[in-house]
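In: 3D model of this:
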Amino acid sequence: QVQLVESGGGLVQAGDSLRLSCAASGLSFSRTAMGWFRQAPGKEREFVAAIGWSHGRTYNVGSVQGRFTISRDNAMNTVYLQVNNLKPEDTAVYYCAAYSGGSYYLASSVGYWGQGTQVTVSS
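Out: Prediction:
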């Protein structure tokens, strides 16, 4: 079965950096678009970034533009999210996503989710 296992979250201070990883198994990773979403307490899950499978083109939400970078290593079946200059408003559970089709910006386009990794940013 498909498994997405995230790692790399933690408690950091504002301005710090983290690299989130998502190891995928049970799917044709090199032919699957991947992404990251996040969910803060009391809020809906929101799109953060995505990367296509064929061209490696990346997409992200405006609030993280210039601070978050998504990348993938098809040989390792792993997708990464480099998060720099973290802010308290970035505090959330970050979820890895494997798309099944549709718009990258929509949670309804995700076929498989990871269990999430907590990122907490203190001011």
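In: element containing the most centrally placed residue in the chain, please.
Out: Central residue of the chain (Cα atoms, centre = their mean): W36, 2.2 Å from the mean position. For W36, the element it lies in under DSSP states H and E is strand 34-39.
In: doesn't E6 make contact with G114?
Out: Yes: between G114 and E6 there is a contact at 4.5 Å, judged by Cβ atoms under 8 Å. Quick note: C-beta positions are derived from backbone N, CA and C, even for glycine.
In: need the overlap of contacts for these two.
Out: By Cβ atoms under 8 Å, 6 or more residues apart in numbering, G114 and E6 have these common neighbours: 22, 95-96.
In: closest to V121 out of these?
Out: Distance to V121 across those (Cβ to Cβ) is lowest for Y95, with 17.0 Å.
In: ok, now which ones touch the closest one?
Out: Contact analysis of Y95 by Cβ under 8 Å, 6+ apart lists 6, 36-39, 45, 113-116.
In: let me know the closest of those residues to F29.
Out: For these, the nearest to F29 is G114 (13.3 Å; Cβ to Cβ).
In: from V121, how far off is that closest one?
Out: The gap separating G114 from V121 is 20 Å, by Cβ to Cβ, to the nearest Å.
In: what do you get for V61?
Out: V61 is 17 Å from V121, by Cβ to Cβ.
In: ok, now P88?
Out: For P88, the distance to V121 (Cβ to Cβ) stands at 5 Å.
In: more neighbours, these two?
Out: Shown here are P88 and V121; by other Cβ atoms under 10 Å, V121 has more neighbours (20 against 11).
In: what helix or strand does the more buried one sit in?
Out: Assigned by DSSP H and E, V121 falls in strand 117-122.
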